[in-house]
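Trainee: what follows is a predicted structure for the sequence shown.
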Amino acid sequence: MGKRGAEADGETEWARVVEMLPRGSLRQQTAEFCNNAVTSTKYTFLTFLPRNLFEQFSRVANFYFLFLMCIALIPGLSPITPLTSVLPLLFVIGVTAVKQGVEDFNRYRADRVINTQKHSVVTTSGEMTSVECRSIKVGDLVRVNDGHEIPCDMLLLLSADSDGQCLITTASLDGETGAKVRSTPPPTKHFVLSDLLQTTVTVRTGPPCPELYDFAGVITTERSATEGQHGNEHSSNYRHDTESVPVDSQHLLLKGSRLKQTRWVYGLALMTGRDTKVAANQRTPPHKVSSAERKLNLFLGLMLFFMFSMCTVSVVLSQLLNDFTYSDFWPVGQFDTPESNTEWSDGGVETSIWGFLQFVILFSYLIPISLYVTLEIEKMFGALLISWDDALTDPSLPGQAALARTSDLNEELGLIEHVFADKTGTLTENLMRFRKVAVRGAVYSSDGEGSVDLASARPNDEGLVDAFIAMAICNTVQVRMSANENASRPPSPSAPPTTEVGQASRKHLYEDDDLPLNPDGDTTPARFPSARMGSASRTSSGNSLGGATLGVVKREYTSPSPDEIALVNAAAFDAIGVTLLHRTATSIALDVRGHHLVFKIHHVCEFESNRMRMSVLAEAPDGTFTLFCKGADSAMLPKTDLLLDRNTFDKVERQLTQFCREGLRTLAVARKGYSAEEAAAVVAELEEAQNLPEGRAERLSELYNQMEDDMEYLAVTGVEDKMQDGVQDTMEALREGGCRVWILTGDKLETAISISLSC
């Protein structure tokens, strides 16, 4: 694998080559990279005046008043004092400039807070030195502690987690609040810091790309230490002279994401400043024009046309009425005309233009500049009123007032006609509760609040267990153990199972033939204790793991997808008996009705939006290979054996439709068996595709589609995402205000209709 990666690397010219250079290193990067300063301001000290004036005079009204001011300043032309044109324009320009300058200064202050944050970087001696965020350079080895923000786009190299993984949240990047898993590349997975400092690490990637999860490259490690030099138990096992492996977005920590539930990580700074993905997705703050201002510009154009027409008519009439002396016209008064009044009477072109400009000044009051002065003052105080209004504050965030980042669009708040909103996490709580699962024609249901109704179940239904084994394996759920000080580490896959009920009692419960399952039609369905779907934890007490008495242990499940947590919790219901105990990058430990099973993970086919599926190729303890797959029912059912039995297919479709009409989110589960030879061939093809420097994603997607053909259908599930409190009142208020609400969702049509009716 390493050789193939190195050979592929040699055939491709990578746009960016970064070498890990701890602080104090005498070597330099082979190319110049930008600094890590964040800049979101619109102006600089030198460009503020010219750029702001250019933007302001790009507005039709300001340009018109500037034109009037220039005319009024011509000696002998204006019949009124020029100050009446100059002072109002200077006031409007000044107020707007101060307002926009203050808003841009606030952006500068926010940038400065980020740029001056302290972060730890590693020196060549292995010590930590504190530097400001803007001083981080490409090639630095950066340490980030739990709860802290990632300061730049980094390649994860070390993690406090024994499996080389960490959890991050990316709410500030993509709005998703769920934790995401990131992993260290295989060459550094079991390194300690001293190993890493004696290793030459070089990363080759493509140019900076704005796509958040589009990243590909190759990491090359070259060890300079001798075998077993440090006395680290992992060092001698994972030492290679030179190794090159591909890296992707699963190894990348993006700037703006936050480390979660991991004590610390070390990462190689790959992209800094404007090269980071979050900076590439930022735009320079544009000059915004409100709807009211656009309508005013339209009216201004009509008034200008009317005014210039009147000026033209007035000039023509003045030429026709040449019997009068122009200076005796009482509204104008005495003033000088070019050369003499005789030329005026003679109707010269220059005199006509002169007279036209004078009429422009006289009629200029048809368009009052005071209107624009009033608008600018109203916008400035409107922004202040927004921040002072207690009704616009969030009760869950005391002390944090609403913030108007720009005052140019205040009046737009009263002109909103359409509201576009995401469903999950906006209308709903994003807290999934398992409700139903259909297995082999039987529908199992739950109230989601602590009990399960298995009304259609059959005793010892293997299909139910098989379906939930697939759900417990095919997911991205991570298990975190929290206990007393003697139980700070998670159980190893080989340790005895830690379950909510004792192992002996579970065996007694499920090996007995009289399982508490009521047949379909019983008017008194069986009820079983369970965990609430929103809670991602399981507990145990009095268990002995590896010879250490743990006392009370709490197992916490975390995942980017709340659906997965709901299904994993449902699998652990006592009536089902499939508990996810522990997960590493290469294995998954389950407690299946009292039996401890460890599945070896050979490959994970990540979820893709075009496939709408996720798969895991696992090896059971008995040596059998199985591909477990879950995904959207529209993408799953055509890949299963349901197509061979039209009656069964139609029945599943009816069950899905019923789930959707109840407002449930549906998911299909399937599996596919492999022989040892077939599995080895598939894994080899996947490894070869992963080492491709170009077309890697396309080739992997093609292989995934091939693997997921001809699967065995297991079940379809339905989970509920409960509406947030106050949704109906909010919808009614928006409708009364004349707003039309559009909800964006990836659910099936029937689910979307059910959700809309519940609002």
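Mentor: That came through, no problem. Numbering: from 1, shown residues only.
Trainee: is Val203 located within a helix, as I assumed?
Mentor: No. Read with DSSP: H, G, I helix; E, B strand; the rest coil, Val203 is strand and lies in no helix.
Trainee: would you mind measuring from it to Val247?
Mentor: Distance of Val203 to Val247, given as Cβ to Cβ, to the nearest Å: 7 Å. For every residue, glycine as well, the C-beta is placed using N, CA and C.
Trainee: repeat for Asn52
Mentor: As for Asn52, its distance to Val247 is 45 Å (criterion: Cβ to Cβ).
Trainee: cool, Ile473 as well?
Mentor: Using Cβ to Cβ, Ile473 is found at 25 Å from Val247.
Trainee: in the stretch 451-600 of the chain, where is pLDDT below threshold?
Mentor: Residues of the stretch 451-600 of the chain meeting the criterion pLDDT under 70: 451-461, 482-553.
Trainee: please read the previous query as pertaining to the chain.
Mentor: 1-13, 224-241, 284-287, 322-348, 447-461, 482-553, 693, 758-759.
Trainee: in terms of secondary structure, what does the helix or strand harbouring Ile386 contact?
Mentor: Element membership for Ile386 (DSSP states H and E) is helix 369-388. The contact analysis (3 or more Cβ pairs under 8 Å, 6 or more residues apart in numbering; DSSP states H and E) places helix 369-388 against helix 60-72, helix 83-115, helix 291-320.
Trainee: with adjacent residues omitted, what lies nearest to Thr428?
Mentor: Asp721 (4.1 Å; Cβ to Cβ, 6 or more residues apart in numbering).
Trainee: who's in contact with the most centrally placed residue in the chain?
Mentor: In the chain, the residue lying closest to the centroid (Cα atoms, centre = their mean) is Asp174, at 0.9 Å. Applying Cβ atoms under 8 Å, 6 or more residues apart in numbering, we find Asp174 in contact with Leu212.
Trainee: any idea how far Pro560 is from it?
Mentor: Asp174 is 10 Å from Pro560, where distance means Cβ to Cβ.
Trainee: with Val60 instead?
Mentor: Going from Val60 to Pro560 by Cβ to Cβ gives 49 Å.
Trainee: tell me which of these two has more neighbours.
Mentor: More crowded of Val60 and Pro560, by other Cβ atoms under 10 Å: Pro560, with 21 against 16.
Trainee: let's verify the more buried one: helix, strand, or coil?
Mentor: Assignment for Pro560 (three-state DSSP): coil.
Trainee: once you drop chain neighbours, what's closest to it?
Mentor: Using Cβ to Cβ, 6+ apart, the nearest residue to Pro560 is Gly178, at 3.9 Å.
Trainee: what of Glu222?
Mentor: Thr200 (4.3 Å).
Trainee: okay, buried residues for the helix or strand where that neighbour lies please.
Mentor: In the assignment (DSSP H and E), Thr200 maps to strand 199-205. Residues Thr199, Val201, Thr202, Val203, Arg204, Thr205 are the ones in strand 199-205 that count as buried (16 or more other Cβ atoms under 10 Å).
Trainee: my read is that the second one contacts Gly139, right?
Mentor: What that stands for is Val201. No. With contact defined as Cβ atoms under 8 Å, Val201 does not reach Gly139; the gap is 9.4 Å.
Trainee: who touches both of these two?
Mentor: Glu19, Met20, Leu268.
Trainee: quick one on the thing from earlier: what are the buried residues along the helix holding Ile386?
Mentor: Applying a neighbour-count criterion of 16+ other Cβ under 10 Å, one finds Ile369, Tyr372, Leu375, Glu376, Lys379, Met380, Ala383, Ile386 buried in helix 369-388.
Trainee: for the fourth one, give me its contacts.
Mentor: Put plainly, it is Glu376. Applying Cβ under 8 Å, 6+ apart to Glu376 gives the contacts Val92, Val95, Thr96, Lys99.
Trainee: switch those over to a markdown table; also include distance to Ile416.
Mentor: Shown next, in a markdown table, are the contacts of Glu376 (distance: Cβ to Cβ, whole Å):
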| residue | distance to Ile416 |
| --- | --- |
| Val92 | 27 |
| Val95 | 26 |
| Thr96 | 25 |
| Lys99 | 23 |
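Trainee: how about TSV for the residues you listed, with neighbour count and distance to Gly738 added?
Mentor: Formatted as TSV, the contacts of Glu376 follow (neighbours: other Cβ atoms under 10 Å; distance: Cβ to Cβ, whole Å):
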residue	neighbour count	distance to Gly738
Val92	24	32
Val95	17	32
Thr96	22	31
Lys99	18	30
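Trainee: buried sites along stretch 209-228?
Mentor: Quick answer for stretch 209-228 (16+ other Cβ under 10 Å): Leu212, Phe215, Ala216, Gly217, Val218, Ile219, Thr220, Thr221, Arg223.
Trainee: count the neighbours of the residue lying closest to the second one once chain neighbours are set aside for me.
Mentor: With sequence-adjacent residues excluded and distances taken as Cβ to Cβ, 6+ apart, Phe215 is closest to Ser249, at 4.5 Å. Counted with other Cβ under 10 Å, the burial measure for Ser249 works out to 16 neighbours.
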